[in-house]
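In: Sequence plus predicted model, see below.
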Amino acid sequence: MVTKTDKGITLVRLSTGETFTIANSEIFGLILAIDDACDRDPIIRCAHEICLEKSG
C-alpha cells in the first residue's frame, strides 16, 4: 500500500506490516534509480509498467 504524506511517500508491505518512508527529497533519486534499472533489466521494466497500470 502506498500513501502520500506531506513528508513524502509511505510504503506498507501488506504481508508483514513493515513501513518504509521515502522523504520528498529522496523521491527524485528513487525515480532515477528505477528508470536506470528499467533500462538495464526487461523484467524490472515489465514489473514497473504493471505497477504503473495498477496505480491508475
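Out: Ah, there it is. Note that the structure is a prediction, hence the values are computed from the model and not measured. Residues are numbered from 1 along each chain as shown.

In: In this structure, what residue spans correspond to helices?
Out: Per DSSP state H, the chain carries helices over the ranges 24-40, 42-55.

In: any idea which of the ones you listed scores lowest on pLDDT?
Out: Per-segment mean pLDDT for the helices of the chain reaches its minimum on helix 42-55, at a mean of 80.

In: Could you tell me the angle between that one and helix 24-40?
Out: Orientation of helix 42-55 against helix 24-40 (axes from the mean of the first three to the mean of the last three C-alpha atoms, to 10 degrees) gives an angle of 130 degrees.

In: Please identify the buried residues of helix 42-55?
Out: Using 16 or more other C-beta atoms under 10 Å as the burial criterion, none of the residues of helix 42-55 qualify. For every residue, glycine as well, the C-beta is placed using N, CA and C.

In: before we move on, the earlier item: the helices of the chain: which one's closest to residue 4?
Out: helix 24-40 (9.7 Å; C-beta to C-beta).

In: Using CSV, write out every CA atom in the closest one.
Out: What follows is helix 24-40, C-alpha atoms only, in CSV (Å, rounded to 0.1, in the frame of the first residue of the first chain):
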residue,chain,number,x,y,z
ASN,A,24,10.3,14.2,-0.6
SER,A,25,14.0,15.0,-1.1
GLU,A,26,14.7,11.3,-1.9
ILE,A,27,11.9,10.8,-4.5
PHE,A,28,13.8,12.2,-7.5
GLY,A,29,16.7,9.9,-6.8
LEU,A,30,14.4,7.0,-6.5
ILE,A,31,12.8,7.8,-9.8
LEU,A,32,16.2,8.0,-11.5
ALA,A,33,17.2,4.6,-9.9
ILE,A,34,14.0,2.9,-11.1
ASP,A,35,14.5,4.4,-14.6
ASP,A,36,18.1,3.2,-14.8
ALA,A,37,17.0,-0.3,-13.6
CYS,A,38,14.3,-0.5,-16.2
ASP,A,39,16.8,0.4,-18.9
ARG,A,40,19.1,-2.5,-17.8
